[in-house]
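*Asks:* I need the structure of the sequence given here:
(one chain, ligands or ions: 1)
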Amino acid sequence: MFGDVRLRMFDDRDVDMLRELSTDPYVPTIGTLPSHASRDDALAYLQRQRQRLRTGAGYPFCVADRVTDEALGTAGLNFTAPASGRASAGYSVAPRHRGRGVAAQALVALTRFAWTVPGLARVELYIEPWNVASVRTAERAGYEREGLLRSHQEIGGRRVDMLLYAAIRPSNVSGNAGA
Ligand SMILES: CC(C)(COP(=O)(O)OP(=O)(O)OC[C@H]1O[C@@H](n2cnc3c(N)ncnc32)[C@H](O)[C@@H]1OP(=O)(O)O)[C@@H](O)C(=O)NCCC(=O)NCCS
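*Replies:* Down below sits the predicted model:
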């Protein structure tokens, strides 16, 4: 919980938010939500998130309004190499809920959650340089820019550069088993 938002598990009633999110042309290129998702597509996406949670591949959360519980977007941690002590984070906000800093609040909440995961020392963000809203989100949430990773990965069928941002576990916060 931070500011106006709360992170919670996904629920089938979040399909409308996911369908709206899927109309953003960039979102389908960076995750598994297909473009202009149908209700079944959105439900299948939710199943994949539950599977990721079950297998330990990540912690996918719905970003919800703290007061009304309305779904606003997504935020999650991804573990590609769990023994490394590193995770990457991702976030998105449905188009009609943008423009009021929801992602930065969600990222603060997600990062606080990350420090409850035993052994996690570092959370990374990979951001395309043109994505100013995401860069601002990272900086607002206290992430530091560490460099530009040239030709880092393929997105939308082309190799792209990525800015690397990271937060490291504060020295006064130890992980506990209650994550
Ligand atoms: C990135 C994203 C989550 C941000 O959503 P949001 O929290 O509603 O962000 P906001 O619109 O409040 O913008 C955040 C900041 O960026 C600034 N910003 C937004 N769009 C901008 C633009 N085109 N040019 C310059 N600044 C911009 C805002 O002014 C705000 O600045 P501030 O912190 O100084 O007030 C949202 O745009 C999104 O879902 N994008 C698609 C998915 C995505 O790119 N995810 C991140 C992948 S790394």
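
*Asks:* now do the same contact list for the closest residue to Val5 other than its chain neighbours.
*Replies:* Take Val5 and drop its neighbours on the chain: the residue closest to it by C-beta to C-beta, 6 or more residues apart in numbering is Gln105, 4.7 Å away. Quick note: C-beta positions are derived from backbone N, CA and C, even for glycine. Contacts for Gln105 (C-beta atoms under 8 Å, 6 or more residues apart in numbering) come out as 2-5.

*Asks:* now distance to Arg48 too, for those residues, in CSV please.
*Replies:* Formatted as CSV, these follow (distance: C-beta to C-beta, whole Å):
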residue, distance to Arg48
Phe2, 26
Gly3, 28
Asp4, 28
Val5, 23
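
*Asks:* ok, so of those residues, who is nearest Phe61?
*Replies:* Phe61 has its nearest neighbour among these in Val5, at 10.0 Å by C-beta to C-beta.

*Asks:* can you tell me how far that closest one is from the ligand?
*Replies:* 10 Å (C-beta to the nearest ligand atom, to the nearest Å).

*Asks:* how much space separates that residue from Ile155?
*Replies:* Distance of Val5 to Ile155, computed by C-beta to C-beta, to the nearest Å: 26 Å.

*Asks:* which parts of the helix or strand containing the residue nearest to Val5 are buried?
*Replies:* For Gln105, the host element (DSSP states H and E) is helix 102-114. Neighbour-count burial for helix 102-114, counted by 16 or more other C-beta atoms under 10 Å, picks out 102-111, 113-114.
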